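Novice: Here is my input, please return the structure:
(2 chains)
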Amino acid sequence: MTLRQLEETVLSVLALMMAGISPNIFPVAQAGYANMAYLATRFLIPSIGILVVLWAASLARGHARLARRLLVGAVAGIAATVGLEAVRITSFHFGGMPGDLPRLMGVLLTDRLMLGPSPLSDTLGWLYHFWNGASFGIIFAVLLGRRSSAWAIGFGQLIGIGFLLSPAVKALGIGFMGSDMPTMPLTVVLAHLVYGLILGWLSRRWLQGGDWLLAFAEYRHSGVSFPA
Amino acid sequence: MFKRKHWNGIVPAVLAGVMALSGAAYAAGPGVQVEAKGSVEAVVANLKKMVADNGMMVMGELHQGKVLAMTGLKVESETVFVGNPTVGKELFTEEPGAGLVVPIRINVYADAQGSTWVSYIPPSEQLGSYQNAKVSQVAAMLDGKLHDLVQMLAK
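Specialist: Numbering: from 1, shown residues only, chains lettered A, B, ... in the order given. Next up is the predicted model:
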C-alpha cells in the first residue's frame, strides 16, 4: 500500500466514524445512557464539522474520489430521505405510526420533551432527521460506492431493521420490533425500501467508480492503482 | 377525639363541602375539579401569576397537549407543578419520600364540550398516608392555598 492509498483509507475510515455518530445518538439517548441534547452538542455537532474538514482535506490532498463520494453520499442520502418521508408521513397521517419521529427527535434535541414541540425544536428535529439520511448516504457511498440497486435496497433494509431493533422503538412500548402495531414495521420496511432505491439510483448516476474504497486486498492482488 | 387518620380524611371532605357551597361547577374525576373562565392557555397564564401571588412558585410544566400532538392526538391539557422551597424543606425534613407528592400538580384541560377545567388532588389525600402530624399540618395548609387559588380561576 502506498502512502497515498493509506492516506485515503485513513480519511475514509474517519469519515465513516463521523457519519456513524448522528444515527447513533438517538438510540443511545433512548436507551437512557445520556441526554440527547448533551450528545448533540458533544458529539453530533463536532462530527458534522469534522466531516466537512475531511471533505475539504480530501479535495486539498487530491483524493477526488473520496471527496466526490462524501458529497454524493450526503446529497443522495438527503434526496432518499425525501422519498422515505413520503411513505412515513402518509402512514403517520393515517395512524400507521405511533408518533411523529422528527418532532420527537426535535424535542429531545432541545431538551423540551415536557413542553412539547416548538418551531425551533421542529426545525432541529427535521434537520437532524435529514442529516441522518445524509450520514447513511455517506456511509453507503464511501463503503460501497457505485453498487447495484440490490445493494442499496439491502443497505436500506439493514437501517430499517436496525431501527426496529433499537431502544428507540422499544421505548415506544409497541412490542418487539413494533409487533403490537404491525403498520409501524410495515411502514419502516417500505420507507427504507424507497430510501434504498433512491440512494442506489442516485449513487449509480453520480459516482463513476464501482470499486471498493476500503478493500486494500483488491488493489494489492489486481495491481490496479487508485483512480484519482 | 379524632384520630389523625380520621382528621386526614375530614380535611378534604370539608374543603369539598366548602367548594360545593361556593357555587363553582365541579366535574367527575379524581381530586378536585373546578370549571374555569377562559381558554386553557388563558387559565394557565392566570394560574402562573396567581401561584406567585399565593406564596408558591411554578417548578415545572408539562404540556400534555403539545406532547400528545406528536402522536396525532388533539387534546388541550397542561400541567403546572407548583411548590415552595420553605414548605418543601419542612416536608422533606419530616418525610424524605415526600417527592412522590410534591411539587403538587395542577392540571388545566378542556373537555369535549370545550369547557376549561382546573383539577388537582388535595395534598392532604396523599400526604395523609404518612401518618405524621407535622406533614398533615403542612398538607392542610397546602389544601387551603390550592382551594383559594382555584377559586380565583373558577367560572
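Novice: shaky segments in the chain?
Specialist: Picking chain A for this. Along chain A, segments meeting pLDDT under 70 span A:209-228.
Novice: Can you look at chain B instead?
Specialist: Applying pLDDT under 70 to chain B flags residues B:1-28.
Novice: ok, which stretches of it are strands?
Specialist: B:32-36, B:57-62, B:77-83, B:104-110, B:116-120 (DSSP state E).
Novice: Can you give the strand pairings for the second one, parallel or anti for each?
Specialist: Sheet pairing here is set by DSSP bridges, and for strand B:57-62 it gives strand B:77-83 (antiparallel).
Novice: again with the last one
Specialist: The partner list of strand B:116-120 in its sheet, established with DSSP bridges, is strand B:32-36 (antiparallel), strand B:104-110 (antiparallel).
Novice: May I see these organised as TSV, with mean neighbour count and distance to A:Met184 added?
Specialist: In short, each C-beta sits where N, CA and C put it, glycine included. Output for those, formatted as TSV (neighbours: other CB atoms under 10 Å in any protein chain shown; distance: least, CB to CB, whole Å):
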stretch	mean neighbour count	distance to A:Met184
strand B:32-36	22	35
strand B:104-110	22	28
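Novice: SS state for A:Asp111?
Specialist: At A:Asp111, secondary structure determined by DSSP: H, G, I helix; E, B strand; the rest coil is coil.
Novice: For it, list the residues it contacts.
Specialist: Applying CB atoms under 8 Å, 6 or more residues apart in numbering or on different chains to A:Asp111 gives the contacts A:Asn35, A:Met36, A:Ala37.
Novice: mind running it again at 6 Å?
Specialist: Remark: with contacts taken as CB atoms under 6 Å, 6 or more residues apart in numbering or on different chains, A:Asp111 is in contact with A:Ala37.
Novice: if I look at it, how far off is A:Leu120?
Specialist: Distance of A:Asp111 to A:Leu120, given as CB to CB, to the nearest Å: 12 Å.
Novice: do A:Val13 as well
Specialist: Separation of A:Val13 from A:Leu120 (CB to CB): 35 Å.
Novice: One more: A:Arg88?
Specialist: Using CB to CB, one obtains 22 Å as the distance from A:Arg88 to A:Leu120.
Novice: just to revisit the earlier point, with A:Gly77 as the reference, name the closest of the strands of chain B.
Specialist: strand B:57-62 (35.6 Å; CB to CB).
Novice: who touches the closest one?
Specialist: With CB under 6 Å, 6+ apart as the contact definition, strand B:57-62 has outside contacts at A:Met114, B:Lys48, B:Val51, B:Thr79, B:Val80, B:Phe81, B:Val82, B:Gly83, B:Pro103.
Novice: Now the buried members of these.
Specialist: Buried subset of these (neighbour count, 16 or more other CB atoms under 10 Å in any protein chain shown): B:Val51, B:Thr79, B:Val80, B:Phe81, B:Val82, B:Gly83, B:Pro103.
Novice: Could you give the bridge partners of the fourth one?
Specialist: I take that to be B:Phe81. When bridges are called by DSSP bridges, B:Phe81 pairs up with B:Gly60, B:Arg105.
Novice: the longest helix in the chain is where?
Specialist: No chain in the question, so chain A it is. Longest helix in chain A by number of residues (criterion: DSSP state H): helix A:64-93.
Novice: not what I meant, chain B
Specialist: Longest helix in chain B by number of residues (criterion: DSSP H): helix B:133-153.
Novice: Contact partners for the residue of chain B found nearest chain A?
Specialist: Closest contact between chain B and chain A, by CB to the nearest CB, is at B:Lys66 (2.4 Å). B:Lys66 sits next to A:Gly116 when contact means CB under 6 Å, 6+ apart.
Novice: Go again with 7 Å.
Specialist: A:Leu115, A:Gly116, A:Pro117 (CB atoms under 7 Å, 6 or more residues apart in numbering or on different chains).
Novice: Close to chain B: what parts of chain A are there?
Specialist: Within chain A, the positions lying close to chain B (CB under 7 Å from any CB of the partner chain) are A:Phe92, A:Gly95, A:Pro98, A:Gly99, A:Asp100, A:Arg103, A:Leu104, A:Leu113, A:Met114, A:Leu115, A:Gly116, A:Pro117.
Novice: Kindly recompute the last result at 10 Å.
Specialist: Contacts of chain A with chain B, taken as CB under 10 Å from any CB of the partner chain, map to A:92-95, A:97-104, A:106-107, A:112-118, A:121-122, A:125, A:172.
Novice: Out of those residues, list just those in helices.
Specialist: If you go by DSSP H, the residues of chain A next to chain B have A:Phe92, A:His93, A:Leu101, A:Pro102, A:Arg103, A:Leu104, A:Gly106, A:Val107, A:Ser121, A:Asp122, A:Gly125 in helices.
Novice: Drop anything exposed from those residues.
Specialist: For those, a burial check counting by 16+ other CB under 10 Å picks out A:Phe92, A:Leu101, A:Pro102, A:Arg103, A:Leu104, A:Gly106, A:Val107, A:Ser121, A:Asp122, A:Gly125.
Novice: thought B:Val118 was touching B:Ala42?
Specialist: No: look at B:Val118 against B:Ala42 with CB atoms under 10 Å: they stay out of range, at 11.8 Å.
Novice: and for these two, which residues touch both?
Specialist: Common neighbours of B:Val118 and B:Ala42 (criterion: CB atoms under 10 Å, 6 or more residues apart in numbering or on different chains): B:Ala36, B:Val108, B:Leu153.
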